[in-house]
Each structure stands twice: as structure tokens, then as C-alpha cells.
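# sequence plus predicted model, see below.
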Amino acid sequence: MKENKKINKIRNIGIIAHIDAGKTTVTERVLFYSGRSHKIGEVHDGEAVMDWMPDEQERGITITSAVTTCQWKDCEIQIIDTPGHVDFTIEVERSLRVLDGAVGVFCAVGGVEPQSETVWHQADKYLVPKIAFVNKMDRVGADFFRVVEMIQDRLDANPLVLQLPVGREDSFRGVIDLLNMQQIVWETNDPGSPIKTTDIAPELLESAKDYREQMIEKVAEADDSIMEAFLEEREISTKDLVSAIRRATLNLSVVPVLCGAALRNKGIQPLLDAVISFLPSPVEAPPIEGVHPEREGTLSFDARDKGPLVALIFKVFMFEGRKLLFVRVYSGCLKAGGEVYNPTLKRKEKISRILRMHANKRERLDEAGPGSIVGVVGLKDSGTGQTLCQADAPVLLEAIEYYKPVISVSVEPKTHDDQDKLEHTLAKLMDEDPTLHVKEDEDTGQIILSGMGELHLDIVISRMKREYSTSVNVGKPQVVYRETLARQAVGKAEFDREIAGNRHYAEVELTVKPLARGSGTTFRAEASDEKIPDIYIPAVSQGANDAMEYGELMGYPVVDVEVILTGGSFKENLASELAYKVCATMACREAFQQGESYLLEPIMDAEVFVPEDFMGEVIGDLNARGGKIESISAKGEIQVISANVPLSKMFGYSTALRSASQGRGNFTMRFSHFDKV
């Protein structure tokens, strides 16, 4: 037990939300009230500690997830502040992969917005316990209970209201704590304003009692001990309630809901208390599971200092010309100057330094134990999603899923000096960002840069110039299409060639079948062992995969097809993996030609927010862009138009929307699916 005592006092949390819900503002207040910062940095002034990149400060948005550590009471809280913009969803994905808990921040006016849903469901995928914080209670149109309803309806969550707002909009001044039945008031907006805890005002007492009763009922539904006390009408202590809520939060039965106004410095201290009380330590998080690189079966590891080393690299960042890797330690200990084994690369690497991160500031550490999220310098070849362990106890953790790019631009160096630096610069940026793809167009020789959206590529090009002194001319954005087949087709190919003095032979017959939209690509072998021995099946599969990288129509990747190996032939002493791989590629290409390929384009889910006066013009514009209006709903005086629109028609839409709504409209957009052009 003594070994785990320190680990019990760690909380690894992420701040997740839609863009502009106030994540970074909340994080800045957390750092201030925990004593980590002595001055509050404001996003709108470009002075937020966590938004330290020049592009973040200029644009007032979070682009890259930033890590920091602070102390609250007797606990150490490691925080990752994540981006809210859909173009940087990978930053949220890889952060949630290594976190034990999350705080979802919701705007009291906007409620559950599109990107809030995306990041919430990402957290659900990794079974991350969550707390909800309803921010901006001081804004005009703030409605706490409407947001609670939206959390239940849109996120399929079970919100547990632990606080009630005292006042709203301009009159918001505090909260009612339903656990302790107290009123907490911040008398001024000043960050140093003391918290005043009083009895609940008489006019609010009856309502508070009703909501406390509802809270206990909901906890009782999730916890047997509280249910027993509730049915027997016994007095339930606050301590027992807190323990029960903690258990229910950890098993994902409930989501505690709190409220405040971070910009006005209200509600942060109770939020920190809730993080300590309800979110898990590394010891309480489920054991991390992996597989042995060479043997079957699952390996499981608890958070123990003396256990075998198990750690995951979840992010790479180039810092002052050096490769900085962000690592989550699950078991064992990382030591500065020590060796680690990378089972993906099948070799050892040496750690030169271990750093505790505070945004872009660093503090050197001698070692990092279970639950730690640290920066590591010295690993030259290791990358995102790879595992670090001991050579005598190898393990592979589940890799991090990446998103495929949907938009491309052509880039060309401006000067001869830029030409020399471009390849090196792009390699470093791709090391950092797995959603960034670079390829050379075979026909034109142009370098094609592909990413998740216009803003994503805009930031990448800005960083190329600012951080790497590499200037490029940028071509018009192009949509990254996909190709698929209209009908089933058969492809046959024979490969018989002498290479380096040896004759290589293979014959392959493949059937390629179209699948339902969104099915991806699959391969299976039906040919008998006499026709093609099993040893060559992986080579055939690899050849088919290579063929699907470039379709016959316009060279885009082929999706939503199944490739079936139906026949072929084998010649003793002449067969080789190379021959079957090349032959499978040739057979696939013939099938693509026979199967009548056609293009698929990315369709986006767009939500447009406009005052009612401008709704007609905005809907007309969306229709003209080939959009399909899915629904129209009201959020106060603002109309929300949900539509499916081809990405190719949405370039420059922000300018068109500002023009159509006199600058009062805005929109969000995320990838939905591919559909026929």
C-alpha cells in the first residue's frame, strides 16, 4: 500500500470542449488558484500560459494540446488543455488516450455544440470518467438547466447536478452546493476576491432541497449502499454521498455537473475540489493492457513503481530544434540516462533528459513513475503511438488511431534556399502531426500537402515560415477524393521476369467487390493451398493494398471494396514474395479498369448559427452549394441550420456567411462521410 500512496494523489485530466467554450480560460484560472501562475493570462490578450505558440496567441485559439502540472490541496493535478477546433481533433484523440479523467466545458448559452459531441464520444471510446462544467453563466442567454438537458439528450450521459447557479447573466454571483447545502458566493469579479460560504438564501432553500432530493435519488440508482439507506429513510452523510458519487463517476454511471463563470473568476475552486473528489487516480484507472510482440495473449499492468516499465509516446514536438516526446508512464519507472526498449523498432534507445512540462517551460527530473506525463529528450527514432518498455519484458500497447486528410494544397519553395530546407521541414512537421500527409504528384512534380481542413493547413504553412524559415507559394485548396467501384470485377495477371539473374514467377486471379459506403477495404483468400501456398498470401494482400493506394480513374485511394483471392498458380523454385506482390497489384489494377470506377467526395456536417432575419439568404446560399438542409432549430434568438454540404463547395464560406449575415453569423463544420460526386 505504501508504494501506491503517492500515485493515489495524482490526477491526470484533460480539459475538453467545443471551440470558444472557455477551456483555456478555465485552465488559466486553475493555474492561478492552485498557485502555479501568479498572473492570469487572458486568451483575448494573447497572454494565456497554455496558448504559448505565436499562432495561438494571434488567433486566440488553442492549436496544440499543452501539458502542465499544479498542486491542489494534497494532490498533484496533471492537465492537458486540448484544442476545440475540429481541424485539430487528433490532438484531443491522443490526449484522451493517455488521460484518466476529463472535464467537459460547456458554454451556458451555446450548450452542447458539435465539437463538444465529438470530443465527448472520443472520451467515451476510451472509457474516461468525466465531470461537466457549465461555463459563462454570466453571459446574456445563459441557461444552466437547458445545458443539463442537452448533456442528457445529445451526449447520452446521465448528468448529476451538484450545484445550482445563484443568479444568472449579469446577476450571477455564486452557486448552491447541494452536497453540503451551502451557498458559495464570489462578492466581486476580482481574481483575489474571497469566497464567502453562507447558509442558503430563504427564497432558494425550497428549490435546493428539491434538487438535493433528486440528486440523492439519482445516486441511489447507481449505488446499492445509498439505495439501501434511501429506502430505509436513514440520514445519508455527505461523506457517504461523496464516496458513492465517486464510485458512480468512475464506473461511468453519472457525470457530476458544476457551473461558474471562468472569465469572472467564479466557480474554479469548487471545480478543483470536484476533480480531486470524483476523478480517478492512476491506481483507480483500469489496468493498461497490451500484447507481447511475439506471443499471443493479453498482458495487463497495474500502476506500480516496482512493476515492469510500460509507457506510451502520445505526442512528438520539435522544440528548439530537438525532438521532444510526450510520454505517459503506466507502470515502472523512466530514468534519465537510462535505456528503454522500443518493440515497434525492435531496438533500444537512451533517454538523455526527462522534463516536467508547464506549457513551453520545462523542469528537469531524475525519474518519472506510474501516472506521470512527462517530456522525454534523446529518443531519436521513436514516434507517436509507440510503446517504451524493458527488453526483457516487451509489450505493445494499442496504437493511437489517426484521421485521414480531406483537403490538400500544392506547395512550392519560393527560393533556392527554401528548396533545400523544404523536405527537412516537412519531415519534422509530419513527425509531430500524424494527420499531415505529403506526397509528390507524379504528373506535375508538385508537392501536395494534405490535412484536416483549411485552418489546419494554414497553421502548418505559417509554422513553416515562422519556425523553420521556409517560405512557400501555396496553390488553391483541393479536395482529397476517394475512388470506388460500381460493380464486381475480376482481374488476372501473370508475372514472369528475370531480376538480378533469378527468374520470378507468379499468377494471381482476384475478384474485387464493391461494399457499402463507409466499409473501408478488406482482403480474404479463397484460393486453395495447391494453387497458391499460404506462405505467399501476405504478399498478395500487400500487393492488393498497394494497388488500392492509387485508383485507375484519377489516382485517388480506393475505398469500400473487398478483394478476394480466388485463384492463381504456383511454380516450384520460381515463386517468390516479390512476384506475388507485383502480380496482385497488376491483377487489382485490371479489376479496377473492368469495375467502372467513380469518384467519392467528402461530405461535411455543417451547423450555421444566424439571427432569424438572415436565415432565408443563408439557406439559399447553402442550397446553391449543393447542401441538404437536415434541420432548423432555435437557440434563443439564434437559428441553427444543420446541413450536409460537399467540402468542395465550402471553401471561403466564412467570408460568404459574414457577408450574408452582416457579420453576425458563424458556423462549424466536421467531416461526415464520403458520397458519390
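Arrived safely.
# tally of neighbours for A539?
22 (other CB atoms under 10 Å). Quick note: C-beta positions are derived from backbone N, CA and C, even for glycine.
# I meant to write G192 there.
The tally of other residues near G192 (other CB under 10 Å) stands at 7.
# phi and psi next, for it.
phi -90, psi 10 (degrees, to the nearest 10).
# so what's it up against?
For G192, no contacting residues are found, by CB atoms under 8 Å, 6 or more residues apart in numbering.
# go on, the one 5 residues further on?
With CB under 8 Å, 6+ apart as the criterion, the residues that contact T197 are Q182, Q183, I184, V185.
# residues in a beta bridge with it, which ones?
I184 (DSSP bridges).
# L312: which of the contacts of T197 is nearest?
I184 (38.8 Å; CB to CB).
# test my guess that that closest one contacts K196.
Yes. Using CB atoms under 8 Å, I184 is in contact with K196, at 7.4 Å.
# name the residues contacting each of these two.
With CB under 8 Å, 6+ apart, I184 and K196 have common neighbours G174.
# which of the helices and strands in the protein ranks last by mean pLDDT?
Sorting the helices and strands of the chain by mean pLDDT, DSSP states H and E puts helix 54-59 at the bottom, at a mean of 54.
# what's downstream of it, the next helix or strand?
Counting by DSSP states H and E, the element after helix 54-59 in chain order, helix or strand, is strand 66-72.
# buried residues in that following strand?
By neighbour count on 16 or more other CB atoms under 10 Å, the buried set for strand 66-72 is A66, V67, T68, T69, C70, W72.
# the third one pairs with what?
What it means is T68. I79.
# run through the helices of the stretch 551-677 of the chain in chain order.
In the stretch 551-677 of the chain, the segments counted as helices under DSSP state H, counting those that start in this stretch are 577-594, 615-624, 653-660.
# now do the shortest one, average pLDDT.
What that stands for is helix 653-660. The pLDDT scores in helix 653-660 average 77.
# the longest one too?
What helix 577-594 shows for mean pLDDT is 91.
# pLDDT-wise, what's the bottom of the buried residues of strand 66-72?
Minimum pLDDT across the buried residues of strand 66-72 falls on A66, with 72.
# re earlier: who's more crowded, I184 and K196?
Set I184 next to K196 and count neighbours by other CB under 10 Å: I184 wins out with 21 against 12.
# quick check: the gap between that one and I632.
Distance of I184 to I632, computed by CB to CB, to the nearest Å: 39 Å.
# any idea which of the helices of the stretch 551-677 of the chain is most buried?
Mean neighbour count (mean count of other CB atoms under 10 Å) peaks for helix 577-594 among those, with a mean of 22.
# which elements pack onto that helix?
Packing contacts for helix 577-594, counted by 3 or more CB pairs under 8 Å, 6 or more residues apart in numbering; DSSP states H and E, involve strand 482-485, strand 489-499, strand 502-514, helix 537-548, strand 561-569.
# and stretch 435-451, what's buried?
For stretch 435-451, by 16+ other CB under 10 Å, it's T435, L436, H437, V438, I447, I448, L449, S450, G451.
# now for those residues, which pair is the farthest apart?
Of all pairs in the buried residues of stretch 435-451, the most separated under CB to CB is T435 and I447 at 17.2 Å.
# OK, contacts around Y550?
In this structure, Y550 makes contact with Y556, P557, judged by CB under 8 Å, 6+ apart.
# what score does it have for pLDDT?
Value listed for Y550 in the pLDDT field: 86.
# what sits against the nearest residue to G491 once chain neighbours are set aside?
Nearest residue to G491 in three dimensions, chain neighbours excluded: A591, at 3.2 Å (CB to CB, 6 or more residues apart in numbering). Contacts for A591 (CB under 8 Å, 6+ apart) come out as L485, A489, V490, G491, L510, T511, V512.
# pretty sure the first one sits against Q593.
Looking back up the chat, that one is L485. No. The criterion here is CB under 8 Å, and L485 misses it with Q593 at 10.2 Å.
# closest to P394 among the buried residues of strand 66-72?
Closest approach to P394 among these (CB to CB): V67, at 27.0 Å.
# look up how far V582 lies from the residue with the largest distance to the centre of the chain.
Farthest-out residue of the chain from its mean C-alpha position, per CA atoms, centre = their mean: G501, at 50.9 Å. To V582, G501 is 18 Å away according to CB to CB.
# now E217
Distance of E217 to V582, given as CB to CB: 67 Å.
# ok, which stretches of the stretch 301-450 of the chain are helices?
Listed from the start of the chain, the stretch 301-450 of the chain has helices (DSSP H, counting those that start in this stretch) covering 416-432.
# pLDDT below threshold where in it?
With pLDDT under 70 as the threshold, the stretch 301-450 of the chain has low-confidence stretches at 320-321, 359-360, 403, 406, 442-445.
# can you map out the strands along it?
In the stretch 301-450 of the chain, the segments counted as strands under DSSP state E, counting those that start in this stretch are 310-319, 322-331, 334-335, 339-342, 347-350, 353-358, 361-365, 367-368, 373-377, 387-389, 396-397, 407-413, 437-440, 447-451.
# give me the nearest residue to Y598, chain neighbours excluded.
Spatial nearest neighbour of Y598, chain neighbours left out: A486 (5.8 Å); criterion: CB to CB, 6+ apart.
# count of residues packed around that neighbour?
Counted with other CB under 10 Å, A486 comes out at 11.
# now G475
16.
# roughly how far apart are it and Q446?
For G475 relative to Q446 (CB to CB), the value is 7 Å.
# what's the overlap in contacts for the two?
Common neighbours of G475 and Q446 (CB under 8 Å, 6+ apart) are S410, V411, E412.
# partner strands of the longest strand belonging to the chain and their direction?
Using DSSP state E to define each element, the chain has its longest strand at strand 597-611. Here strand 597-611 is paired, per DSSP bridges, with strand 482-485 (antiparallel), strand 638-646 (antiparallel), strand 666-676 (antiparallel).
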